[in-house]
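Engineer: Quick one: sequence and predicted model below, then my questions.
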Amino acid sequence: MWELDAKPVLLWSDALVFMLVAVLTTFFYRLRNDPQSRERWSQVFSSRLGMVTFTIIMVYVGVALLDSLHFRRALPPPDGVETNEVFYDNKVTSVLDVMLDGMGDRFERTYSAPFALKSFEKSNMKDEQGNMVRDFDWLEHAGQHLAEPAHRWPDVLRLSAIALGWGLLASAVVVGLQWRLLRNSVYPWYASWTVQTSVICFMVWLVYISHYYHVLGTDQGGTDVAYQSIKGIRTGVLLGTLSTLVMLPIAVTLGVMAGYFKGWVDDVVQYLYTTLSSIPGILLIAASVLLFQVYIDLNPDFFSVGMEKADARFIALCFILGLTSWSSLCRLIRAETLKISQLGYVQAAHAFGVSHTRILARHILPNVVHIILITFVLDFSALVLAEAVLSYIGVGIDPSMGSWGNMINGARTELSREPAVWWTLTGAFFFMFVLVLAANLFSDLVRDAFDPRSSSGRSEA
Amino acid sequence: MLAYIIRRLIYAIPILIGVNLLTFTLFFVVNSPDDMAASQLGDKYVTPEAIANWKRKNGYDKPLFLNDDASGVAALTDTIFFTKSVRLFAFDFGRSESGRDITTDVSTRMWPSLAVALPSFAIGIWVNICVALMVVMFRATALDRWAVFVFVALMSISYLFYIIGGQYLVAKQWMLVPISGFDPDFKPWKFLILPVLVSVVSGIGSGARWYRTLFLEEAGQDYVRTARAKGASEISILFKHILPNALIPILTGIVVLIPSLFMGSLLIESFFGIPGLGSYMLDAIRSQDFAIVRTMVFIGSILYILGLILTDISYTWADPRVRLS
């Protein structure tokens, strides 16, 4: 059992993720108990599109959570040394890595094309007579079981058929269980089940076939591209949610206070967000990240494993993105609060002598929740896209931490090779596109349900 | 009108001071000049003399806010805050950490930026409005729904994909234009086509979707029904009735961006090798040249505030009912 000889590692970002899950669960639980928002949610989930996009988002979130359960494997004691002390691997592994069954451990020397048997670049090797020749070397982890290279494509088909069988079996179990529970539900669950079946089949196929081939090839360092793309999910999902979560309390508190108390409070808040939004966002982010980087470089003793350093930079990035992006939501909430506090029931509450805190909590906050919700989903997709841009500029995720931005950044000039190295970019862009598209479509549905007269929903990156 | 503009300009001063204080805090209080010297010199074990030398050479060897050694006004002026931050107000940008004159750099690099940004901006708006009007013509049909889906899909594609894909397809495969580069005197248009095309295409998704909602809102108004009742053609309703009335929200969104066109685009310029302010900023960020970053933050905020004032002025032009006072 690997649980016994492993030491769990709790990175800061992991702790934040699980806190986040707890917060969101309570938030949605409370929304569920409110009849009005129940009705609105049921509008979202009555559409097939809502079901499909929600399932896709949940799959990404699930992968991100599995990738957040970290541990360090115990190493076998060095040969010939009798000791009771256990040494742990310096490399931090996650549950997802275990589920992917060593997909990330099958390294090659350098680039190789999807399903290739030979390396992309020539290297020096010896032929039968012992002469040095330059030729394409065989890969170490692709097609080892083939007797004849020409058998490759029939073999891929055969393996795919086996994998598909297993995939269908697994999804039959998963979907069957849900069908038992939900067959009388009014919601179009079959749309969700279709997505689940496809995702399960795809994942089973990917893990199975990765034992024999590199499905999306390998990158310059010889790492499997499909593995990297999947590892990028955690970074993307976390960055999107954590940054928004940092931004929400600031934006909501300041916005509600400005709109409710007016006067000098309003002046101060308006001054703050005008000042902040007049600074070019990308420069502010870049400057803050650089300054934090200087701090990390000068204090290297704070972090015991390399991954903790990357993790610290990641959390700092989330905070910086959150702290620099609250102005637009704050403006929206301020305007809405201004409008609500003129309404009769708030005036009546005043007349009855209800305290400010109580009015804010009972009458104002519940009525701006829809703005928060819509912003949450919209900002999420914008942040996932922004990560790639920031990594290109050089102020993004630490290069040692897998992310789509770093993959794109590493491979952006490789299309100009002959033949072009297209697979790294394809992998990163595809996984990113699916997540962002699902989030964008879902946010449209949420907005239609919660804010029917909305036209202000312009999404600015 | 003039009084209004002057008042708005005066309001801008506290905001600029705020920007200045914020950047100052970021650059000098969070990380002391000693930290910066150590990271610029690039060695963890730099000698104190080397740090002192670097600080003296770049003018960081002064107290932050108040100089106790100097007397009178010099106590305030002979400080880092005054020499590095307050000077910006007089458009005295000083020298970059590598010793180049920032003012000269900015004034020469502004024009290539504008050469790319202005056509991208103008053509982009024109294309987006045309596409949106076309979709609005088919409102409430399957075509409309699919168009919205396509817009959302286009929005979900990373900007980097548009750039990399455009370079690969248009420049490498079809060999229609050079992949990157810039030539101010000789045939600059050859180098401009691809960057402009990429920025226009990448903007269609979010742009056309936004204009569509604006037009649809107007299309539900009473005056549109009246126009249709009196027998106006669909084309004339779109162009004569809906478009002018949707102008106000459109102006709110776009006029504020016009002054910032001078700043150029970070990504486009660096991918296409255009020597504008965008690539200038990127180089500064990558070489950690904080003097340039500070200057660009200042210029950027001035241009943004200018954009806000221009937006207000443009309202009076678009809607005769609006009076500035």
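Structural biologist: Great, that's in hand.
Engineer: Going by C-alpha atoms from here, please, whenever you check contacts or count neighbours.
Structural biologist: Noted.
Engineer: Let me know the secondary structure of the closest residue in space to A:Phe314 that isn't next to it in sequence.
Structural biologist: Excluding the flanking residues, the one nearest A:Phe314 by Cα to Cα, 6 or more residues apart in numbering or on different chains is A:Ile397, at 5.8 Å. At A:Ile397, secondary structure determined by DSSP: H, G, I helix; E, B strand; the rest coil is coil.
Engineer: can you pull the contacts of the residue lying farthest from the centre of chain A?
Structural biologist: The centre of chain A is farthest from one residue, A:Gln129, which by Cα atoms, centre = their mean lies 52.1 Å away. Listed by Cα atoms under 8 Å, 6 or more residues apart in numbering or on different chains, A:Gln129 has no contact partners.
Engineer: Quick check: phi and psi at it.
Structural biologist: Per-residue torsions, A:Gln129: phi -80, psi 0 (degrees, to the nearest 10).
Engineer: And the pLDDT for it?
Structural biologist: A:Gln129 is assigned 77 on the pLDDT scale.
Engineer: A:Ala113 contacts A:Gly217, correct?
Structural biologist: Yes. Counting by Cα atoms under 8 Å, A:Ala113 does reach A:Gly217; the two are 4.5 Å apart.
Engineer: neighbour count winner among those two?
Structural biologist: Neighbours per residue, other Cα atoms under 10 Å in any protein chain shown: of A:Ala113 and A:Gly217, the larger number sits with A:Gly217, 28 against 21.
Engineer: State the distance from the more buried one to B:Arg139.
Structural biologist: In this view, A:Gly217 and B:Arg139 are 45 Å apart by Cα to Cα, to the nearest Å.
Engineer: now the strands: where do they sit in the chain?
Structural biologist: No chain in the question, so chain A it is. Here chain A has its strands, by DSSP state E, at A:6-9, A:70-75, A:87-94, A:118-126, A:132-138.
Engineer: In CSV, list those strands along with mean pLDDT.
Structural biologist: Below are these laid out as CSV (pLDDT from 0 to 100):
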stretch, mean pLDDT
strand A:6-9, 79
strand A:70-75, 80
strand A:87-94, 78
strand A:118-126, 78
strand A:132-138, 78
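Engineer: remind me which residues of the chain are low pLDDT?
Structural biologist: No chain specified, so I'll use chain A. A:1-5, A:77-85, A:303-306, A:452-461 (pLDDT under 70).
Engineer: Chain B, not that one
Structural biologist: In chain B the weaker segments, taking pLDDT under 70 as the threshold, are B:30-31, B:39-40, B:42-45, B:64-68, B:70-78, B:184-188, B:324-325.
Engineer: Where does it get nearest to chain A, which residue?
Structural biologist: B:Ser301 (4.6 Å; Cα to the nearest Cα).
Engineer: Contact partners for that residue?
Structural biologist: Contacts of B:Ser301 by Cα under 8 Å, 6+ apart are A:278-280, B:16, B:19.
Engineer: swap the cut-off to 10 Å and go again
Structural biologist: Counting by Cα atoms under 10 Å, 6 or more residues apart in numbering or on different chains, B:Ser301 makes contact with A:274-280, B:12, B:15-16, B:19-20, B:260, B:307.
Engineer: tell me which residues in the particular helix or strand that has it in it are buried?
Structural biologist: Using DSSP states H and E, B:Ser301 maps to helix B:290-318. By 16 or more other Cα atoms under 10 Å in any protein chain shown, the buried positions in helix B:290-318 come out as B:290-315.
Engineer: With distance to B:Gln167 added, can I get the contacts of B:Ser301 in CSV?
Structural biologist: Listed next are the contacts of B:Ser301 as CSV, based on distance: Cα to Cα, whole Å:
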residue, distance to B:Gln167
A:Thr274, 37
A:Thr275, 37
A:Leu276, 35
A:Ser277, 32
A:Ser278, 32
A:Ile279, 31
A:Pro280, 27
B:Ala12, 41
B:Ile15, 40
B:Leu16, 39
B:Val19, 37
B:Asn20, 39
B:Ser260, 25
B:Gly307, 32
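Engineer: circling back: I figured the residue nearest to A:Phe314 hits A:Leu317, correct?
Structural biologist: Yes. The pair A:Ile397 / A:Leu317 is scored as a contact, 7.6 Å apart, by Cα atoms under 10 Å.
Engineer: Mutual contacts of the two, please.
Structural biologist: A:239, A:289, A:311, A:387, A:390.
Engineer: which residue is nearest the centroid of chain B?
Structural biologist: Closest-to-mean residue, chain B, Cα atoms, centre = their mean: B:Ser260 / 4.0 Å.
Engineer: For B:Ser113, see how far away that one is.
Structural biologist: Applying Cα to Cα to B:Ser260 and B:Ser113 gives a distance of 10 Å.
Engineer: Show me which residues of the stretch 1-150 of chain A sit near chain B.
Structural biologist: Not one residue of the stretch 1-150 of chain A sits near chain B, judged by Cα under 10 Å from any Cα of the partner chain.
Engineer: so which residue of the stretch 1-150 of chain A comes closest to chain B?
Structural biologist: A:Leu49 (11.1 Å).
Engineer: on that earlier part again, what sits against the residue lying closest to the residue nearest to the centre of chain B once chain neighbours are set aside?
Structural biologist: Using Cα to Cα, 6+ apart and skipping the chain neighbours, the partner closest in space to B:Ser260 is B:Leu303 (5.5 Å). Neighbouring residues of B:Leu303 by Cα under 10 Å, 6+ apart: A:278-280, B:256-263, B:297, B:309.
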